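Got a sequence here, can you model it:
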Amino acid sequence: MKVNPFTALVLGATMSLAGCGGASNSSNDSTRSPVHLYFHNQLTDFTNASDAAVTVSVYPRDSSNALFDSVSYSTDGQSGMSFTLNADTEKVPLHIKNSTTDLLDTSSSLVAGGNYTQVFMGDITDGNLKLGSYRQSVQSIPSNYVRIRFIHALSQHTGAINVAVEGATVVTGLAYGDVSDYQQGSLSSSTQLQATISDSSGTLGTASCALSLGKSYDVIVAHKGYSDSNLALFCQQVEGS
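Just a heads-up that it's a prediction; the model follows:
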């Protein structure tokens, strides 16, 4: 049952599609706040019955020390890791690979003290792989509300999508790899977010993820599994919410 429609906040969401990453914690500046990263692996492979091809590790380029080691397809919120930049803003290189193949080299500018949801997306067979870096933001909200934004990571539906929550359309025309603005509202459940996803051809399906009211979340719209084309939502709680 619909309780209250979500209302868009006048907030600019981070829309960077550049790669993201980290560096070794070599700074001696104890006053610089660390960067926190939450890495989600949404790499799909619909031709392979094994998850080995889509299990990835993330390295600072030219380093053998993994930031994230042997990450399988992500289906829930991820634990974060942190490190200190060598400057207030630093362009950090990243290298992503599976056990046999170099998959992606990229880089991104990270800001000291920033918290980032990272999503590695695409299908391994077409080579069109992306690493999205979405800087989180925190805002105080009522304890009976939830604050959310959506990230489009559907490798099998790379056209723009729309998202409806509690019967109200909250996102329209969200491009593949992009992130929506944060929005807030009340839910009919205190523990589940359910959304209906559609594109220009019609409804793609519904999916849900667990959450808690009074918190902010980055909600990744992805597939249920690396070779399962059904839809899923994966909720990453925003640091500090």
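
Dump the C-alpha coordinates for stretch 69-78 into CSV.
Coordinates of each C-alpha in stretch 69-78 appear next as CSV, following Å, rounded to 0.1, in the frame of the first residue of the first chain:
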residue,chain,number,x,y,z
ASP,A,69,40.7,-9.3,-3.5
SER,A,70,38.7,-12.0,-5.3
VAL,A,71,35.3,-10.3,-5.1
SER,A,72,32.4,-12.5,-6.4
TYR,A,73,29.3,-11.1,-7.9
SER,A,74,27.9,-8.7,-5.3
THR,A,75,24.3,-9.3,-4.0
ASP,A,76,24.2,-7.1,-0.9
GLY,A,77,25.9,-4.2,0.8
GLN,A,78,29.6,-4.4,0.9
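
Report the rounded mean pLDDT for it.
On average, the pLDDT along stretch 69-78 is 94.

May I see the buried residues of it?
V71, Y73, S74, T75, G77, Q78 (16 or more other Cβ atoms under 10 Å). All C-beta spots, glycine's among them, are computed from the backbone N, C-alpha and C.

quick one: low-confidence parts of the protein?
1-30 (pLDDT under 70).

quick one on the thing from earlier: out of the buried residues of stretch 69-78, what pair is the most spread apart?
Y73 and G77 (14.0 Å; Cβ to Cβ).

before we move on, the earlier item: looking at the buried residues of stretch 69-78, spot the one nearest L204.
Using Cβ to Cβ, the buried residues of stretch 69-78 come closest to L204 at T75, 18.4 Å.

Pull out the buried positions in the helix or strand containing L193.
Using DSSP states H and E, L193 sits in strand 192-199. For strand 192-199, burial by neighbour count (16+ other Cβ under 10 Å) applies to L193, A195, T196, I197, S198, D199.

Provide a list of residues in contact with the last one.
Yep, that's D199 we're talking about. H157, G159, A160, I161, N162 (Cβ atoms under 8 Å, 6 or more residues apart in numbering).

just S109 next, same as before
A18, T89, E90, K91, V92.

switch the cut-off to 7 Å
T89, E90, K91 (Cβ atoms under 7 Å, 6 or more residues apart in numbering).

What of R147?
Contact partners of R147, counting by Cβ under 7 Å, 6+ apart, are Q139, I141, Y182, Q184, S216.

Which members of those residues are the farthest-apart pair?
I141 and Y182 (9.7 Å).

In terms of neighbours, single out the busier of the two.
Legend: neighbour count by other Cβ atoms under 10 Å for I141 and Y182, higher for Y182 (23 against 18).

Tell me, how many residues neighbour the nearest residue to that one once chain neighbours are set aside?
The shortest distance from Y182 to any non-neighbouring residue, by Cβ to Cβ, 6 or more residues apart in numbering, is to R149 (4.6 Å). Around R149 there are 26 other residues, counting by other Cβ under 10 Å.

could the buried residues of stretch 69-78 be laid out in a markdown table, adding secondary structure?
Below are the buried residues of stretch 69-78 laid out as a markdown table (DSSP: H, G, I helix; E, B strand; the rest coil):
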| residue | secondary structure |
| --- | --- |
| V71 | strand |
| Y73 | coil |
| S74 | coil |
| T75 | coil |
| G77 | coil |
| Q78 | coil |
